[in-house]
Structures are given as structure tokens and as C-alpha cells.
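J.: Take this sequence and fold it.
(2 chains)
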Amino acid sequence: MVERKPKIVGFCCERHGMDAVVLSARSGKQYDASVRVVQVPCAGRVDGIHLLKAFEDGADAVFVLGCLEKNCYYDTGSIEGRKRVDYVKQMLMEAGIEKERIEMFNAASSNVWMFPEIASKMVEVARKLGPIGRGEKP
Amino acid sequence: MIVAKRKPLNEIAEMLVPYNKVTVIGCRSCVAICLAGGEKEVKMLVSALKIKNRKEGRKQEFEGFVVERQCEKEWVQEVQDKILGSDITLSMACSLGAQTIGDLYPTHLTFPGLNTGMFGVPEEQGVWSEKCVGCGDCIIHTTGGICPISRCAKSMLNGPCGGSANGKCEVNLDIDCAWSAIYDRLKLQNRLDLIEKITPAKDWSTSHSGGRRTYVREDAKLTPHQKKGKEGVQ
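T.: Next up, the predicted model:
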């Protein structure tokens, strides 16, 4: 039987977040192809509805990657992003969904090793928890 | 404005279990400002309910939308088809919105998605606090613009009581003592003489204690002839 590939959506800010993704790829690092990267202008632009919609549309795990909180390009974007992730985490828990399915990460552009690590961590979570509900698709 | 809070997701989901087609209606007024039942909150609730249903293998249809003011019949009537086309309506407005839908369509089920809390003001982003209870007989001109009925735990008219210490209330040290605030405000306004004035017992008949209240402005009411004309236009 073919193993089901997990679906992971990563919302990455176009500053340090995407830099960390692109630089890790340029330096030859590889990450799991199950991770779909969605570029956003800022981690603070990610709203709760975007995160929930990703789950609604079949994602097994979702993460937001923003700048380091004290070095955010837009000053407080990463903090806003974290607050939204925490709120959705709470909502998922209320719905009986594992809170580990959603995480916030912060990276500096130069952290070339970080994105593959984040991807592996989320893939591992998605594999461990499996798809939400019985069906593979909503 | 009216401040409300979303009911726990499990409570909402449990209410909706027996129904297949659910319409979720938010409101763009007070509950949108207090981030409880606006467009975003409706979308998030619908999404969370869909995810929960997938997790539990339950099939239900959800549709979410928002009206301008759910407490006014005219706005609700605009979405009549959507309301009546569903098995149940979940109102994401204050209780007034939910009751307006219920009164308009008494045979249709309308359940509340929010717990209506208070008349409050936004103190800072994400924080709302109660400043009025709608007693129907406002006295804040004598108390430096601060309402002792809503802001004092004992609703005292002559304060502060013995439980006031360092500007805080004995009920909870996180709550500011209303009468301490009134004293400070009157001092600022050079009207401290007012704090010594004894206020007699309040007439509560103008509050909810006097039963359900109805306010009428005769000049704004429509005459039978005008009503007939309006119905004709509609």
C-alpha cells in the first residue's frame, strides 16, 4: 500500500521567513516535498481564517514562519502572527483537534539550516497524528 | 456598545447536532467591534465547525454571512431566503439580533452563538469593560461622569464603602474602586462638595426591575395611514 503523503502548509513572511527558505535551497539543503510554502507580505498579515481554511481544505499541519520577534522587518508582525497562531491553537483544542498541528516559528535570513528542520518537524507531527478525521479529504 | 463573547465551540456544536443545514449570521455593529460576531468571526466559526465535523465524521452544511444590524427587522428581512432555507439559524449577534430573527420567523429555530455580556467600552485593543447597566435614570452628572451603578460592585450611591483600599475594590484587587475614581474626578473638577451630598435611595422602577421596558417616541411612530402606505411600497 502506498503511504499517504502528509499535507503541510507553511505561511512564510516575505522578509526573513522567505529568505530563510530561499537561502536554504540555494545552499543545497533539501526539505520534504509535502510542505507547501505560501508567501505572505508579513507574518502579521496571516489571519486566523487563513490558518483554519488551510485545515478545512485538508492540511494535516500548518505553520507560520516569520522574522525573529526582536528583529521583525515590520517591527511587530511576528508578534501578531504568534498571537493569531495561539488563538487558532485554542480554537482547534476546543474543536478536539491536536494543538501540535499548528506552530509558529521565527527565523533570521541567515538561518539556512532552520527551514528544513521546521519542515521535518511538521512532517513528523503530521505523520504521527495522521489526517484530521476519518476521510483523507474534507 | 453591547459587548458579547463567543460561546465555547463544543457548546455551539452540541446545539447544532440534530440539524443538517445551518445558517450562521453575524452582525456588523457592536459585536463586530468587540470581535465576537463580525464577518471574520463568522468565517472562523464556520471553518472551525467544519473541521470539527470532519474530525468526528459528521456531515452538516454550513453557510455563514453577515448583516448590517441584526437587531433591525429590515436588515434581517433582506436575508430571509437564506434563513428560511436552512434547518436552523445560529445568530452570531447579541441576544437582540437572535431575538429579532426569532420574532420575525417564530416557526424557524434561531439559536445564540454568543453570550451577550454588557454595555461596555473598549479600554484598549482587545479589552472591554462595563460602564453602564441601563438603569434608565442616569446620574453621572453628580458623580464626575463615572457610573457607580455599573462600576461599583455594590452599586452604591453614596461611597466609597469600607472595602475600598488604595483605589481598589475588595471584591477583586484587579478592579478599580468606582468611588475612589469618582473622588479623584470630582477633585479634578473642583466639585468635591458633591461627594458629601447624600443621594437618596434610587428609584429602580426605571430599570429592568420594573419589568420589560419599552420606549416610545410618538412623533417618530407611523400613523395607520403611513403604515399602510409603507406596506404598499414594500
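
J.: contacts and neighbour counts: CA atoms only from here.
T.: Fine.

J.: buried ones in stretch A:50-68?
T.: For stretch A:50-68, burial by neighbour count (16 or more other Cα atoms under 10 Å in any protein chain shown) applies to A:51-56, A:58-68.

J.: Look at it and report the distance between its end residues.
T.: Separation of the first and last residues of stretch A:50-68 by Cα to Cα, to the nearest Å is 21 Å.

J.: who touches the longest helix seen in chain A?
T.: In chain A, with assignment by DSSP state H, the single longest helix is helix A:77-94. Here helix A:77-94 makes contact (Cα atoms under 8 Å, 6 or more residues apart in numbering or on different chains) with A:42-48, A:51-52, A:64, A:66-69, A:72, A:98-99, A:102-104, A:106, B:8-10, B:48.

J.: What subset of those is buried?
T.: Buried by 16+ other Cα under 10 Å: A:42-48, A:51-52, A:64, A:66-69, A:72, A:99, A:102-104, A:106, B:9, B:48, out of those.

J.: and those, which of them are in helices?
T.: Using DSSP H, A:48, A:51, A:52, B:9, B:48 are the members of the buried ones among the contacts of helix A:77-94 that sit in helices.

J.: what sits against the closest residue to chain A within chain B?
T.: Nearest residue of chain B to chain A (Cα to the nearest Cα) works out as residue B:55 at 3.5 Å. Contacts here follow Cα under 8 Å, 6+ apart; on that basis residue B:55 touches A:96, A:97, A:132, A:133, A:134.

J.: Secondary structure and neighbour count for those - can I get that in JSON lines?
T.: Output for the contacts of residue B:55, formatted as JSON lines (DSSP: H, G, I helix; E, B strand; the rest coil; neighbours: other Cα atoms under 10 Å in any protein chain shown):
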{"residue": "A:96", "secondary structure": "coil", "neighbour count": "15"}
{"residue": "A:97", "secondary structure": "coil", "neighbour count": "19"}
{"residue": "A:132", "secondary structure": "coil", "neighbour count": "26"}
{"residue": "A:133", "secondary structure": "coil", "neighbour count": "17"}
{"residue": "A:134", "secondary structure": "coil", "neighbour count": "12"}
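
J.: of these, list those near chain B.
T.: Subset of the contacts of residue B:55 in contact with chain B: A:96, A:97, A:132, A:133, A:134, counting by Cα under 8 Å from any Cα of the partner chain.

J.: what are the phi and psi angles of the second one?
T.: Looking back up the chat, that one is residue A:97. Backbone geometry at residue A:97, expressed as degrees, to the nearest 10, gives phi -100, psi 140.

J.: can I assume it is in contact with residue B:52?
T.: Yes: counting by Cα atoms under 8 Å, residue A:97 touches residue B:52, with 7.4 Å between them.

J.: hang on, the earlier thing: closest to chain B out of the contacts of residue B:55?
T.: Among the contacts of residue B:55, residue A:133 lies closest to chain B (Cα to the nearest Cα), at 3.5 Å.

J.: Now do residue 91: how many residues are near it, please.
T.: I went with chain A, as the question did not name one. Neighbours of residue A:91 under the rule other Cα atoms under 10 Å in any protein chain shown: 21.

J.: Chain B was what I was after
T.: Using other Cα under 10 Å, residue B:91 is surrounded by 28 other residues.

J.: from what I can see residue B:68 touches residue B:30, true?
T.: No: assessed by Cα under 8 Å, residue B:68 is found out of contact with residue B:30, at 10.3 Å.

J.: quick check: angle from the helix or strand harbouring the residue of chain B closest to chain A to helix A:77-94?
T.: Residue B:55 belongs to helix B:39-56 when assigned by DSSP states H and E. Counting by axes from the mean of the first three to the mean of the last three Cα atoms, to 10 degrees, helix B:39-56 lies at 50 degrees to helix A:77-94.

J.: Output helix B:39-56 as CSV, restricted to C-alpha atoms.
T.: Listed next in CSV are the C-alpha coordinates belonging to helix B:39-56 (Å, rounded to 0.1, in the frame of the first residue of the first chain):
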residue,chain,number,x,y,z
GLU,B,39,-17.5,38.8,9.3
LYS,B,40,-14.2,37.4,10.3
GLU,B,41,-15.5,35.7,13.4
VAL,B,42,-18.4,34.1,11.4
LYS,B,43,-16.0,32.8,8.8
MET,B,44,-13.7,31.4,11.5
LEU,B,45,-16.5,29.7,13.4
VAL,B,46,-17.9,28.1,10.2
SER,B,47,-14.4,26.9,9.4
ALA,B,48,-13.8,25.5,12.9
LEU,B,49,-17.2,23.7,12.9
LYS,B,50,-16.4,22.2,9.5
ILE,B,51,-13.0,20.9,10.8
LYS,B,52,-14.7,19.6,14.0
ASN,B,53,-17.3,17.8,11.9
ARG,B,54,-14.6,16.2,9.7
LYS,B,55,-12.8,15.1,12.8
GLU,B,56,-16.0,13.5,14.2
